[in-house]
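Participant: Everything below, folded, please.
(one chain, ligands or ions: 1)
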Amino acid sequence: MEKYVVSGNKKLYGEVTISGAKNAAVAILPATVLVKDKCIIENVPAISDVTILFKILEGMGAKVRFLNASTVEIDTREINEAVVPYELARYMRASYYFLGALLGRCNEASVSMPGGCDFGVRPIDQHIKGFEMLGAKVSIEKGMINAKAEELEGGHFQFEKVSVGATVNVMLAAVKARGLTVLENAAKEPHIVDLANFLNSMGADIRGAGTDTIKIYGVDILHGTNYSIIPDQIEAGTYMTIAASAGGNVLIKNVIPKHLESISSKLMAAGVEVIEYDDSIRVIREGQLKAVNVKTMPHPGFPTDMQPQMTALLCLAEGTSIVTEGVWDNRFRYVDELRRMGANVQVDGKIAVVQGVSAFTPAPVKACDLRAGAAMIQAALSTDGVTEIEDIQYVERGYENIIEKLTGLGANIRKVEMPDPNLLTSAG
Ligand code: UD1
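Facilitator: The predicted structure is shown next:
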């Protein structure tokens, strides 16, 4: 087991380059099974969620070959298995994208109920209703979700709730379905558009991704492609809040500034200087942070995956901020950890009232989930001392080379081995 050891109180300066988007990668890599050919995917982030997807693909019979550190060739011609077992699916939510992709490839799929970050109940009813609309029969037995169809046929489906995962999954299943599929109330996140662009580059005919109505004209045959994944909106946003929190002047490179608008505008309202260039963004923070109210919403609203980092920032802002979680039922569990570091935050259901303090104080804390882990690092960088963060496996699910990237900005963070608690017990 490992932990991060962070020494705070240093302003950050320099440049950091953003990797390929996790949430696009975890949709695009399963999507390669729709084709019986080779796909070359560039800008693939080196994160543990991606490593698991490669294991799942290889377990099905695909050949995965790295051409360089971020470019991978996936040959799906010999896939002979339409099952994703519990041993692999348990580690990540996006393993359920193999349901849509395998349904599209061979009209059947069997995927273990997914794992992933715990934000309260994470239902999949909209995925299932979407598959059923396409003519699939779906059952859940012994922890496996099974979907099967004689033939998938396009139809009209209105999501009852805006869901990234359901939009991705139903899109994947509909690509080769007969006729036209119309998805209404679809999610509009940048990774939905990226997935549609990837599928279109394989010969799919998807129109309207990025709006709330997506039209998918079914095609019979897809072909291999060469595609580069978009930069990670949330990784970029995280370095923005980290720079804003620690203070200093940081250039964040390889970003799409349009994807960051909701984050930039809240940071500017909080007294941070944000300068946009074509494919980079500069964050400068010298003065006192000011309180702002934030409500998370589906895209183009403020992303829920930036809520812990923004809350951690507002802990250091002068005045009272209200943070409202508009997507998940239970995404403030990490606040207890921030309180251990001196934050003054009261949570009532989906609302957090943040009373600014002048600084965080070091304390041993843990990463409750991926983005909460990033918020802990951010808070630790704003203490006058040394903070140890445990459960860092969550952070490594989604942030490529975070130690190297932060160290490159002048931060003092390192990863150290922890003694095995079982050995300690037996010795004692
Ligand atoms: C994705 C992201 C996650 C992000 C979330 C919201 C990936 C791999 N993960 O998760 O990081 O926090 O979008 O931006 O891209 N819901 C239902 N029924 C369903 C599906 C969802 O009621 O069938 C509800 C959920 O409980 C939640 C809301 O819809 O309240 C949004 O969930 P969804 O957009 O599906 O999140 P994920 O795709 O799981």
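
Participant: where in the chain is pLDDT low?
Facilitator: 115-121, 420-428 (pLDDT under 70).

Participant: Return the residues of it in contact with the ligand.
Facilitator: Counting by CB under 6 Å from any ligand atom, the chain comes close to the ligand at 23, 26, 93-94, 122-127, 161, 163-166, 187, 304-305, 327-328. Where you see a C-beta, it was placed from the backbone N, CA and C, and this is true even at glycine.

Participant: Now list the buried members of those.
Facilitator: Using 16 or more other CB atoms under 10 Å as the burial test, the residues of the chain next to the ligand include 23, 26, 93-94, 124, 126-127, 163-166, 187, 304-305, 327-328 as buried.

Participant: Could you tell me which of those residues are located in helices?
Facilitator: If you go by DSSP state H, those have 23, 26, 126-127, 164-166 in helices.

Participant: Give me the most central residue, the protein.
Facilitator: residue 23 (4.4 Å; CA atoms, centre = their mean).

Participant: three-state assignment of the closest residue to it other than its chain neighbours?
Facilitator: Among residues not flanking residue 23 along the chain, residue 191 sits closest, at 4.4 Å (CB to CB, 6 or more residues apart in numbering). With DSSP: H, G, I helix; E, B strand; the rest coil as the basis, residue 191 sits in helix.

Participant: Grab the nearest non-local neighbour of the closest residue to the ligand within the stretch 151-300 of the chain.
Facilitator: Among residues of the stretch 151-300 of the chain, the one nearest the ligand by CB to the nearest ligand atom turns out to be residue 165. It sits 2.8 Å away. What sits nearest to residue 165 in space, not counting adjacent residues and going by CB to CB, 6+ apart, is residue 127, at 6.5 Å.

Participant: Now do that neighbour against residue 149, distance only.
Facilitator: Separation of residue 127 from residue 149 (CB to CB, to the nearest Å): 14 Å.

Participant: same thing with residue 60?
Facilitator: Applying CB to CB to residue 60 and residue 149 gives a distance of 19 Å.

Participant: ok, now residue 310?
Facilitator: For residue 310, the distance to residue 149 - CB to CB - is 42 Å.

Participant: Those two: which is more packed in?
Facilitator: residue 310 (29 against 20; other CB atoms under 10 Å).

Participant: Ignoring the adjacent residues along the chain, who's closest to the more buried one?
Facilitator: residue 294 (5.5 Å).

Participant: mind listing what residue 293 touches?
Facilitator: 321-324 (CB atoms under 8 Å, 6 or more residues apart in numbering).

Participant: Of the residues you listed, which is the nearest to residue 40?
Facilitator: residue 323 (41.2 Å; CB to CB).

Participant: Help me confirm that that closest one comes into contact with residue 308.
Facilitator: No: look at residue 323 against residue 308 with CB atoms under 8 Å: they stay out of range, at 9.5 Å.

Participant: Residue 387 belongs to a strand?
Facilitator: Yes: counting by three-state DSSP, residue 387 is part of a strand.

Participant: just checking, it touches residue 365?
Facilitator: Yes: if you go by CB under 8 Å, residue 387 and residue 365 touch, sitting 6.7 Å apart.

Participant: Give me the more crowded residue out of those two.
Facilitator: Under the criterion of other CB under 10 Å, the comparison of residue 387 against residue 365 puts residue 365 first, with 29 against 25.

Participant: For the nearest residue to that one once chain neighbours are set aside, give me its contacts.
Facilitator: Nearest non-adjacent residue to residue 365, counting by CB to CB, 6+ apart: residue 337, 4.3 Å away. Counting by CB under 8 Å, 6+ apart, residue 337 touches 365-366, 368, 372, 376.

Participant: Select from these the one having the most neighbours.
Facilitator: That'd be residue 376 among the contacts of residue 337, by other CB under 10 Å, with 32 neighbours.

Participant: thinking again about what came up before, buried only: go through the contacts of residue 293 for me.
Facilitator: Looking at the contacts of residue 293 with 16+ other CB under 10 Å, the buried ones turn out to be 321, 323.

Participant: Let me know the closest of the contacts of residue 293 to residue 205.
Facilitator: Nearest to residue 205 among the contacts of residue 293, with distances taken as CB to CB, is residue 324, at 38.8 Å.

Participant: quick one: contacts for the closest one?
Facilitator: With the criterion set at CB under 8 Å, 6+ apart, residue 324 makes contact with 293-296, 350-352.

Participant: State the distance from it to the ligand.
Facilitator: Distance from residue 324 to the ligand, counting by CB to the nearest ligand atom, to the nearest Å: 14 Å.

Participant: and if you look at residue 46?
Facilitator: From residue 46 to the ligand the distance is 17 Å (CB to the nearest ligand atom).

Participant: Does residue 16 belong to a helix, a strand or coil?
Facilitator: Going by three-state DSSP, the secondary structure assigned to residue 16 is strand.

Participant: sorry, back to before: so what sits opposite the residue nearest to residue 310 in the bridge?
Facilitator: Beta bridges link residue 294 to residue 323 when assigned by DSSP bridges.

Participant: what's it in contact with, if anything?
Facilitator: 266, 302, 307, 310-311, 314, 321-324.

Participant: Of those residues, which is the nearest to the ligand?
Facilitator: residue 307 (8.8 Å).

Participant: Mind listing residues that contact whichever strand or helix holds that closest one?
Facilitator: Per DSSP states H and E, residue 307 falls inside helix 307-314. Outside of helix 307-314, the residues within contact range by CB under 8 Å, 6+ apart are 237-238, 241-242, 244-245, 263, 266-267, 270, 289, 291-292, 294, 296, 302, 321, 323, 325, 331-332, 334-335, 338, 343, 345, 352, 354, 356, 371-372, 374-376, 378-379.
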